[in-house]
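Engineer: give me the fold of what follows.
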Amino acid sequence: MTNTTHTANPTISTPIGLLTGKVVFITGAGRGIGAAAARLFAAEGAAVVLAARTADALERVVTEIRADGGVADAVPMDLADPTSVRAAVDRVGTLHGRLDGAFNNGAAFQRPGPLDTTSDEDIDQQFAVNFRSHWTAMNAEAALMRRAGGGAIVNTSSIGSRRANPALPAYGAMKRALNSLTETAAVSWAGDRIRVNGIAPGGTATQMIDTWEAATPGIVEHISTSTPFGRMAEPREVAEVAAWLLSDRASWVTGAIVPVDGGAGA
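Structural biologist: Here you go, the predicted structure:
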């Protein structure tokens, strides 16, 4: 009998990230879900451009990403100012010459209170930041994406958009309007090979929830106990879903509002 030894010829391969080679723009990137998304997208191979009002917070995230070998830049932006939003998206084109993905995550929190005590100022702010800014950003992003033959957009909605929201009526209303805009854009821009989806997070451990807890003590416990998993989400858990929707692996998904709520809306 002849013994034949087969010697393996191992090759060294570098894992390809979910977003390798893509340029991705992220709003609300200085903290919470946006900052978690920036770190995750960069780790998955994307060149990320971070936008928010707070320059110091953006720079901290950019510095962290670059220290880990990622590509990141910061762009100041005021979501309430359409000119500022368009300028931020234009800056992505200047930096990279194209845009492959956008995660429109920035938002403003409404002071908790019932419908009949919600002020005109609250409604105006919610409209400007949680709806109009997305409208403006999406149109600017789509224009830049068309140059490269397509792309993907993900908007952050909320579990509060899927049902009555007595504690945050203006916030819930604008997020529900955003769902409609997301679906309309998906249908309108399909011919441009631009996919548009939304995510609807439930309770997530962010500064926004901390603000709500300060105004309404006990809300964190209430949200946690009403979630089947019995806890709040971590920002990265929400960002993971956005990363997949922005990736080519979600090539047949558009016009969806994906719950990311630990079963709370089931």
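Engineer: strand partners (parallel or antiparallel) of the longest strand belonging to the chain?
Structural biologist: Looking across the chain with DSSP state E, the single longest strand is strand 194-201. If you go by DSSP bridges, strand 194-201 pairs up with strand 151-156 (parallel), strand 257-260 (parallel).
Engineer: packing partners for the helix or strand following the first one?
Structural biologist: This means strand 151-156. As assigned by DSSP states H and E, the chain's next helix or strand after strand 151-156 is helix 169-188. If you count contacts as 3 or more C-beta pairs under 8 Å, 6 or more residues apart in numbering; DSSP states H and E, helix 169-188 packs onto helix 120-127, helix 133-147, strand 151-156, strand 194-201, strand 257-260. To be clear about C-beta, it is placed using only N, CA and C from the backbone, and glycine gets the same treatment.
Engineer: again, 6 Å this time
Structural biologist: With contacts defined as 3 or more C-beta pairs under 6 Å, 6 or more residues apart in numbering; DSSP states H and E, helix 169-188 has these neighbours: helix 120-127, strand 194-201.
Engineer: worst mean pLDDT among those?
Structural biologist: Note on the helices and strands packed on helix 169-188: helix 120-127 shows the lowest mean pLDDT, a mean of 93.
Engineer: what's the angle between that one and helix 169-188?
Structural biologist: Relative orientation of helix 120-127 versus helix 169-188 (axes from the mean of the first three to the mean of the last three C-alpha atoms, to 10 degrees): 30 degrees.
Engineer: so what touches helix 120-127?
Structural biologist: In this structure, residues lying in contact with helix 120-127 by C-beta atoms under 6 Å, 6 or more residues apart in numbering are 108, 110, 170, 171, 174.
Engineer: which one of the helices and strands packed on helix 169-188 is the most hemmed in?
Structural biologist: strand 194-201 (a mean of 25; mean count of other C-beta atoms under 10 Å).
Engineer: okay, buried residues for the helix or strand following it please.
Structural biologist: Using DSSP H and E, the helix or strand that follows strand 194-201 in sequence is helix 207-215. Using 16 or more other C-beta atoms under 10 Å as the test for burial, helix 207-215 gives 208, 209, 212.
Engineer: next one: stretch 178-191
Structural biologist: Going by neighbour count (16+ other C-beta under 10 Å), the buried part of stretch 178-191 is 178, 179, 181, 182, 183, 185, 186, 189.
Engineer: circling back: for the strands paired with strand 194-201, give me TSV that also has distance to residue 31 and mean pLDDT.
Structural biologist: Below are those laid out as TSV (distance: least, C-beta to C-beta, whole Å; pLDDT from 0 to 100):
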stretch	distance to residue 31	mean pLDDT
strand 151-156	13	98
strand 257-260	18	97
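Engineer: could you export stretch 48-60 as CSV, CA atoms only?
Structural biologist: Once non-C-alpha atoms are left out, stretch 48-60 reads as follows in CSV (Å, rounded to 0.1, in the frame of the first residue of the first chain):
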residue,chain,number,x,y,z
VAL,A,48,-17.5,57.4,6.3
VAL,A,49,-18.4,61.1,6.4
LEU,A,50,-20.0,62.1,9.7
ALA,A,51,-22.3,65.0,10.1
ALA,A,52,-23.9,66.7,13.2
ARG,A,53,-24.0,70.1,14.9
THR,A,54,-21.5,69.2,17.7
ALA,A,55,-18.1,69.5,16.2
ASP,A,56,-16.2,68.2,19.2
ALA,A,57,-18.3,65.0,19.4
LEU,A,58,-17.7,64.4,15.7
GLU,A,59,-14.0,64.9,15.9
ARG,A,60,-13.8,62.3,18.8
